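Colleague: Can you look at this prediction? I've put the sequence above it.
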Amino acid sequence: MKFAERLRELRKEQGETQVQVAKAIAMTVRQYQGLEGGTSLPNFQNLWALADHFGVSLDYLAGRSDRRDV
């Protein structure tokens, strides 16, 4: 699974909007939409913030593993 797909899946599981996630990790909605749309990739700080926000490992978020453990 690609990063953008995984990100969208996690957000929907949490019942959050794109606006809510963007605000929670201090990024603009447009930046977040780019991540979910697959048109941009996060920097390290945003990647860590997203993994922390969703309570998953970086490998899971990046699609490198199917294990969610942190």
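Modeller: It's in.

Colleague: Point me to the helix or strand that includes the residue nearest to Gly38 when sequence neighbours are not counted.
Modeller: Of all residues not flanking Gly38 in the chain, Ala4 sits nearest, at 3.9 Å (CB to CB, 6 or more residues apart in numbering). All C-beta atoms are positioned from the backbone trio N, CA, C, and that covers glycine. Using DSSP states H and E, Ala4 sits within helix 3-14.

Colleague: Please apply the same query to Pro42.
Modeller: Using DSSP H and E, no helix or strand contains Pro42.

Colleague: My read is that it contacts Leu50, right?
Modeller: Yes: assessed by CB atoms under 8 Å, Pro42 is found in contact with Leu50 at 6.5 Å.

Colleague: between those two, who's got more neighbours?
Modeller: Leu50 (25 against 21; other CB atoms under 10 Å).

Colleague: what are the phi and psi values for that one?
Modeller: Backbone torsions for Leu50, taken as degrees, to the nearest 10, come to phi -70, psi -40.

Colleague: Spit out the contact partners of it.
Modeller: 7, 21, 25, 35, 42, 61 (CB atoms under 8 Å, 6 or more residues apart in numbering).

Colleague: and which of the residues you listed is nearest to Arg68?
Modeller: Leu61 (9.1 Å; CB to CB).

Colleague: So which other helices or strands are in contact with the strand or helix carrying that closest one?
Modeller: Element membership for Leu61, per DSSP H and E: helix 58-62. Applying 3 or more CB pairs under 8 Å, 6 or more residues apart in numbering; DSSP states H and E, one finds that helix 58-62 contacts helix 3-14, helix 44-54.

Colleague: And those helices: which comes nearest Ser65?
Modeller: Here helix 3-14 is closest among the helices and strands packed on helix 58-62 (CB to CB), at 10.4 Å.

Colleague: Show me what the closest one is packed up against.
Modeller: Going by 3+ CB pairs under 8 Å, 6+ apart, helix 3-14 lies up against helix 18-24, helix 29-37, helix 44-54, helix 58-62.
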